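Enquirer: starting from these lines, generate the structure:
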Amino acid sequence: MKVMTVLGSPKKDGNTAGALAMFEQLMGDGHEVDRVNIVDLEIAGCQGCYACQANPDEPSCVQNDDANDVYRRMLEVDAVVYASPLYMWGFPSGIHAFMERHLSLVTGYMTPDYKSLLEGKRAAMLLTCGGPVEGNTDAIQMVFDSFAAYGKANLVGKYIVPGCTTPDEIEGKAGEIVKKMAADLTG
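Expert: Just a heads-up that it's a prediction; the model follows:
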């Protein structure tokens with residue numbers, strides 16, 4: 001199985017990166033993993049121009065940045081894991097912009113011609129947060145549900161590692177969660 005992992009944290013060595021690395025290590029046996037670090041890329045937010053809607057067969061955003069290349073790579077994988085810390089009940093700005101630009105992967109929304117280049121691809125969210133799950137991650141989970149449905153992705157699950165405030169806490173808190181995610185994604 002080919003899996004793309006998208007690290008949406010502005011910190012390449014923070015809690016989310018640690019949990020994602022544990023997952024990638026589990027997937028290392030017999031699976032191909034392509035890591036994308038959003039912080040290393042130039043990806044602007046969607047401009048709402050809808051020029052991308054003219055071509056339903058490939059990513060075609062008119063902005064000349066790194067997004068279309070990542071989307072082309074995404075089309076070659078079986079599954080995508082969106083890994084993010086929780087910032088103010090939502091996604092940090094970098095991964096949020098990347099997710100906005102998924103508009104270029106979907107055409108004809110709410111019409112008989114509705115098509116997504118991600119249709120049927122497995123998708124999962126790996127989330128780390130300093131607080132609890134309940135009453136803290138409700139909004140981001142609803143957003144991710146809608147995001148996956150919009151892209152016609154096969155939402156495998158949302159995997160949340162709560163109570164993490166320092167990277168040294170990740171190993172003890174994320175181990176079982178990322179094992180479940182790996183099993184669910186490949187099962």
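Enquirer: export the worst-scoring helix or strand of the chain on mean pLDDT as CSV, just CAs?
Expert: Counting by mean pLDDT, DSSP states H and E, the weakest-scoring helix or strand in the chain turns out to be helix 170-186, with a mean of 93. Extracted in CSV, the C-alpha atoms of helix 170-186 (Å, rounded to 0.1, in the frame of the first residue of the first chain):
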residue,chain,number,x,y,z
ILE,A,170,4.1,11.2,22.7
GLU,A,171,5.6,7.7,22.9
GLY,A,172,3.5,6.7,25.9
LYS,A,173,0.3,8.4,24.7
ALA,A,174,0.3,7.7,21.0
GLY,A,175,1.5,4.1,20.7
GLU,A,176,-1.9,2.3,20.8
ILE,A,177,-3.6,5.0,18.8
VAL,A,178,-1.2,4.9,15.9
LYS,A,179,-1.2,1.1,15.9
LYS,A,180,-5.0,1.2,15.6
MET,A,181,-4.8,3.7,12.8
ALA,A,182,-2.2,1.6,10.9
ALA,A,183,-4.4,-1.5,11.3
ASP,A,184,-7.6,0.3,10.2
LEU,A,185,-5.9,2.0,7.2
THR,A,186,-4.4,-1.3,5.9
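Enquirer: can you list contacts of that helix?
Expert: 1, 3, 15, 18-19, 22-23, 26-27, 31, 79, 81, 122, 124, 126, 128, 156-157, 159-164 (CB atoms under 8 Å, 6 or more residues apart in numbering). Just so you know, the C-beta spots here come from the backbone N, C-alpha and C atoms, and that holds for glycine as well.
Enquirer: centroid residue for the chain?
Expert: For the chain, the residue sitting closest to the mean C-alpha position, by CA atoms, centre = their mean, is residue 82 at 2.0 Å.
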